[in-house]
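Peer 1: 3D model of this:
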Amino acid sequence: MVDLKPVDFSHGRLVISDNKRYLVHEDGTPFFYFADTAWQLFHRLTREEINHYFQNRGKKGFTVIQAVILAELDGLETPNRYGITPLHNNNPLTPNETWFEWVDEVVAMAREHGLYIALVPTWGDKVDKKWGTGPEIFTTENAYEYGKYLGNRYKETPNIIWMNGGDRSADGKNFALWDALARGIKSEDQQHLMTFHPQGERSSSEWFHQSDWCDFNIFQTSHSQTDYGIYERLLVKDYQLNPIKPCMDAEPRYEDIPIGFNPENGWFDDSDVRQSLYWSLFSGGFGYTYGCNSIWQFYEEGRTPMCDARRNWQEALDLPGSFAIKYARALLESFDYLSRVPDQGFIVSPNNDNKEKVVATRGVDYALIYIPTGKETVVSLDKMNTTKQIQLSWFQPCTGIRKPIKITEAKGNFTARPATRGKGNDWVLILEEVS
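Peer 2: The predicted structure follows:
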C-alpha cells in the first residue's frame, strides 16, 4: 500500500527553489504539485460532496485542487447549490459577501484535508467571451480593483496558489486586463505564488514570462494531441527560457474525454493519462495536473453534459488514471527531488517516433527512463559515472509495483526489455547508485 502524507503547512509558505526549477516550502521542504481539475467546485457541489471529494483526492496523493471563483458554466447567473451567486449585478466591484464566505469555507475545508487550492479569480469568458457563456464584465480598472479585493481577503490564507487566466490567451486587449487583475492581487498579497492558465496548446510564457507577478509557467497541452510533439513545443521550450522559472502542464488530456472533442476519434483513457504524466515529469515539469471529463464539470444526471461527459462525477472519482498520481508521487518522493533534471542522453536506441517517445530524467544518484509502450530500449549506463555499480529495477506506473532486475557495473549499455508491449504497457526503468 502506498501511504502518502497530506501537505504539512507548518513548513511555511510556498516559494521558488534555489535552482529555480521547483516549488518548495519556506524551510526548504520540497512541494509536490499534483493537482486535480475541479473548475466548477464552488458552483456545483454541496459541502458534504466537497468533503467526500477532498477525502478521495487526499487518499490518492493529490496536493492541489484547481477551482474557479467566477465559474465557466454560467457561473454568474446560475446560483450554486445554496442559491448564491458571486456578484451583485454581475459587477466585479460589488462582490456578494455570502458567496465569498462560501469560498472561504471551502478553502478552509481543503486545508483540513492537507490540500492547496489553486484559485482562479475568473474563467476567461468574463474577460473574452469567445466560446463561453460570458458576459464580459471586466475592464482594466475593475479587474485591478477585483484583484485588490481578492488579494486582501486571502493574503493570510496559507493554502492558496493564485492561478490567473482561465483558458484564454492574453493577445490584444486581453493582456492589459489579465495583467491588471494580477497586479491588483499582488498589490495586497505578496505571500502567495501566482501563474497564468492559458488556452489550449499555449503557455503563460508567451505573454508573462518577464512579468514579476508570474512566479512559474504553466501550459495547456489540452485534449487533442496524442504524441510527444506537444511537449517539445511547450514544455521543452519553457524549460530552456531565461530567466529560469518552474514550468508544468496544468491542463493535459482529460481522462474519459473524446480525443479532439470528437467521440469518433475514441476517448482518452488511463494509459493516455500516464503517458502525459511521465512525459511531462521526465521532460522538466515540476508537477502535473490530472483531469477527468466528468469531474471538472461535476456532471450528474439532470445537467447538460459538456464535452460528451458520459458518467456521474462520483463514479468517475475512481477511474484508473487518478491512481497514477499516487504511484508517480511515491516514485519521485523516494529519490532526491530537487536535483532532478531531464536528460535524454541516457537513451541510446533510435527515439524519433513521437508516439512511442522514451524520456529520461536523472537526479543526484539515480536515473528514471519512461518507456510508454514497452518497446525494447537500449540505455547508457556510462551516464551514471559517479558510481561503480548500479541497481536496475522495473517500476510499473499502472500498479506502483517496483521489481529489482539486477546489480550491474556502471559501464556500457543495458538493453531494457519490458515484460509487456503495446499501448497501455508503460514501464519505468530505474537506475540507482549502489553505495
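Peer 1: Using PDB, write out the CA atom coordinates for the helix or strand residue 65 falls within.
Peer 2: Mapping residue 65 onto the secondary structure by DSSP states H and E places it in strand 64-70. What follows is the C-alpha trace of strand 64-70 in PDB, where atoms were taken according to Å, rounded to 0.1, in the frame of the first residue of the first chain:
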ATOM      1  CA  VAL A  64      -3.700  20.800  -5.100                       C
ATOM      2  CA  ILE A  65      -7.200  21.400  -6.300                       C
ATOM      3  CA  GLN A  66      -7.700  23.900  -9.200                       C
ATOM      4  CA  ALA A  67     -11.000  25.700  -8.900                       C
ATOM      5  CA  VAL A  68     -12.600  28.900 -10.200                       C
ATOM      6  CA  ILE A  69     -14.400  31.700  -8.300                       C
ATOM      7  CA  LEU A  70     -16.400  33.000 -11.200                       C
END
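Peer 1: which secondary structure elements does that strand contact?
Peer 2: With contacts defined as 3 or more Cβ pairs under 8 Å, 6 or more residues apart in numbering; DSSP states H and E, the secondary structure elements packing on strand 64-70 are strand 34-37, helix 41-44, helix 97-112, strand 116-122. Where you see a C-beta, it was placed from the backbone N, CA and C, and this is true even at glycine.
Peer 1: For the stretch 201-350 of the chain, just list every one of the strands.
Peer 2: 217-219, 247-249, 288-290, 341-342 (DSSP state E, counting those that start in this stretch).
Peer 1: residues making contact with the third one?
Peer 2: The reference is to strand 288-290. Taking Cβ atoms under 8 Å, 6 or more residues apart in numbering as the criterion, the residues outside strand 288-290 that touch it are 33-37, 62, 64, 66, 248-252, 255, 273, 276-277, 280-281, 321-322, 324-325, 328.
Peer 1: ranking the strands of the stretch 201-350 of the chain by burial, who's on top?
Peer 2: Of these, the one with the most neighbours on average (mean count of other Cβ atoms under 10 Å) is strand 217-219, at a mean of 29.
Peer 1: distance of the closest residue to residue 234 other than its chain neighbours from residue 208?
Peer 2: Nearest-residue entry for residue 234: residue 219, 4.3 Å, with adjacent residues in sequence omitted and distances by Cβ to Cβ, 6 or more residues apart in numbering. Going from residue 219 to residue 208 by Cβ to Cβ, to the nearest Å gives 12 Å.
Peer 1: likewise residue 146?
Peer 2: Distance from residue 146 to residue 208, counting by Cβ to Cβ: 18 Å.
Peer 1: what residue lies at the spatial centre of the protein?
Peer 2: Computing the C-alpha centroid of the chain and ranking residues by Cα atoms, centre = their mean puts residue 289 first, at 2.1 Å.
Peer 1: Bridged to that residue, which residues?
Peer 2: For residue 289, the residues forming beta bridges with it (DSSP bridges) are residue 35.
Peer 1: circling back: relative to the strand holding residue 65, what are the paired strands and their orientations?
Peer 2: Under the rule (DSSP bridges), strand 64-70 has strand 34-37 (parallel), strand 116-122 (parallel) as partners.
Peer 1: And the ones you listed: which comes nearest residue 373?
Peer 2: Shortest separation from residue 373 across those is recorded for strand 34-37, at 23.9 Å, computed as Cβ to Cβ.
Peer 1: In contact with residue 185: list those residues for me.
Peer 2: By Cβ under 8 Å, 6+ apart, the contact list for residue 185 reads 121, 147-148, 150-151, 162, 164, 194, 213.
Peer 1: what's the answer for residue 113, then?
Peer 2: Contact analysis of residue 113 by Cβ under 8 Å, 6+ apart lists 6, 54-55, 57-58.
Peer 1: Kindly indicate which of those residues lies nearest residue 353.
Peer 2: Minimum distance to residue 353 across the contacts of residue 113 is 34.5 Å, recorded for residue 57 (Cβ to Cβ).
Peer 1: Quick check: bridge partners of the residue nearest to residue 234?
Peer 2: Counting by DSSP bridges, residue 219 forms beta bridges with residue 203, residue 249.
Peer 1: Hmm, it is touching residue 246, no?
Peer 2: No - between residue 219 and residue 246 there is no contact under Cβ atoms under 8 Å: 11.9 Å.
Peer 1: Could you tell me which residues touch both of the two?
Peer 2: Shared contacts of residue 219 and residue 246, counting by Cβ under 8 Å, 6+ apart, come down to nothing at all.
Peer 1: Could you list the domains of the protein?
Peer 2: As recorded under automatic domain parsing, the domains making up the chain are 9-333, 343-433.
Peer 1: circling back: now distance to residue 125 and mean pLDDT too, for the strands of the stretch 201-350 of the chain, in a markdown table please.
Peer 2: Formatted as a markdown table, the strands of the stretch 201-350 of the chain follow (distance: least, Cβ to Cβ, whole Å; pLDDT from 0 to 100):
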| stretch | distance to residue 125 | mean pLDDT |
| --- | --- | --- |
| strand 217-219 | 19 | 98 |
| strand 247-249 | 22 | 98 |
| strand 288-290 | 20 | 98 |
| strand 341-342 | 35 | 98 |
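Peer 1: This completes my enquiry, with thanks.
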